[in-house]
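Enquirer: next come a sequence and a model predicted from it.
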Amino acid sequence: MDESRKQFEECWDKQTGSRNGRCKSLRTKDGYRNVAAQECWLFWQASRQALQDNQKGE
């Protein structure tokens, strides 16, 4: 999960035009303080899980 979260944060910073590391600074234990970042993180996780499940043939 750590590599996926790193990829998400890099993507978030790039797509939002934020300075590098901005998304990481919004982290909480379970997600992000920013509502948009939190929602995107949940979608990111669901997407990654679907890709993994699809690769397994589920």
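Expert: Yep, that arrived.

Enquirer: ranges for the helices of this protein?
Expert: Here the chain has its helices, by DSSP state H, at 2-16, 22-25, 35-56.

Enquirer: export those to JSON lines and tack on mean pLDDT?
Expert: Output for those, formatted as JSON lines (pLDDT from 0 to 100):
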{"stretch": "helix 2-16", "mean pLDDT": "95"}
{"stretch": "helix 22-25", "mean pLDDT": "96"}
{"stretch": "helix 35-56", "mean pLDDT": "94"}
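
Enquirer: go through those and pick out the most buried.
Expert: Among those, helix 22-25 has the highest mean neighbour count (mean count of other CB atoms under 10 Å), at a mean of 17. The way it works is simple: take the backbone N, C-alpha and C, and place the C-beta from them, glycine included.

Enquirer: ok, Ser18 to Leu26 distance?
Expert: Computed with CB to CB, to the nearest Å, the distance linking Ser18 and Leu26 is 9 Å.

Enquirer: of those two, which one has the most company?
Expert: Leu26 (18 against 15; other CB atoms under 10 Å).

Enquirer: state the distance from the closest residue to Trp12 other than its chain neighbours to Asp53.
Expert: Spatial nearest neighbour of Trp12, excluding adjacent residues (CB to CB, 6 or more residues apart in numbering): Cys23 at 4.1 Å. In this view, Cys23 and Asp53 are 26 Å apart by CB to CB.

Enquirer: swap in Asp13?
Expert: Asp13 is 28 Å from Asp53, by CB to CB.

Enquirer: check Ala36 too.
Expert: For Ala36, the distance to Asp53 - CB to CB - is 26 Å.

Enquirer: please apply the same query to Gln15.
Expert: 25 Å.

Enquirer: wait, Ser18 touches Trp12, no?
Expert: Yes - under the criterion of CB atoms under 8 Å, Ser18 makes contact with Trp12 at 7.1 Å.

Enquirer: quick one: contacts for Glu10?
Expert: Neighbour list for Glu10: Asn20, Cys23 [criterion: CB atoms under 8 Å, 6 or more residues apart in numbering].
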